[in-house]
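Sequence plus predicted model, see below.
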Amino acid sequence: MKITPWSILLAFSMLASTNAYAQKSRWYAIDDGPEYRTYVDTASMVRESPTLVKLWVKSEYARPHANTSGKKVKRWMSHYQVDCKKRQLREGEGAEYDARGEVIDSYEHASAAFEDPMPETIAEAIVVAVCDEIIRATP
């Protein structure tokens with residue numbers, strides 16, 4: 001096989017598209033609205049028991065959104081534990097990022113108790129996605 005500039009370009013294009021797909025496929029969309037999109041990171045999911053799962057969740061705003069401190073947040077990520085048997089979750093640590101990807105705030109809820117998610121919220125969407133869609137689809 002003769003190696004030409006075109007064959008090298010084709011190989012790099014295929015590699016780049018494969019890597020982009022792998023990167024995108026780890027994020028499972030759970031809420032896709034006009035103001036923001038929220039995803040569960042399937043690559044970070046760890047089963048601590050048959051019904052207890054920990055994972056990362058991220059939300060990306062269409063436009064920067066002011067947080068409680070007045071800082072402009074473009075994206076946030078939080079670490080959650082989900083109890084599928086009780087259909088509850090608790091939030092651990094997390095961070096908020098500006099449009100440049102820099103951390104503008106971080107937090108930790110180390111002693112947070114498991115709570116029932118409020119209906120029609122991101123918290124409920126996390127429980128449904130993890131317990132009803134993702135976990136049931138994996139062995």
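Here it is on my side, so go on.

Phi, psi for the closest residue to Val73 other than its chain neighbours please.
Sequence neighbours aside, Glu96 is the residue nearest to Val73 in space, at 4.5 Å (criterion: Cβ to Cβ, 6 or more residues apart in numbering). Placement of C-beta: from N, CA and C, glycine included. When read as degrees, to the nearest 10, the backbone of Glu96 gives phi -120, psi 140.

distance of Glu96 from Asp132?
Applying Cβ to Cβ, to the nearest Å, the value for Glu96 to Asp132 is 28 Å.

Neighbour count for those two, which is higher?
For Glu96 versus Asp132, the count of surrounding residues by other Cβ atoms under 10 Å is larger for Glu96: 21 against 12.

My guess is that one contacts Ser78. True?
No: using Cβ atoms under 8 Å, Glu96 makes no contact with Ser78, being 9.5 Å away.

So, low pLDDT: which residues of this protein?
1-24, 135-139 (pLDDT under 70).

State which strand of it is the longest.
Taking DSSP state E as the criterion, the chain has its longest strand at strand 52-66.

what comes up buried for that strand?
Val53, Lys54, Leu55, Trp56, Val57, Lys58, Ser59, His65 (16 or more other Cβ atoms under 10 Å).

and what of stretch 36-44?
Tyr36, Arg37, Thr38, Tyr39, Val40, Thr42.

just stretch 90-109 next, same as before
Neighbour counts over stretch 90-109 (16+ other Cβ under 10 Å) mark Arg90, Glu91, Gly94, Ala95, Glu96, Tyr97, Ile104 as buried.
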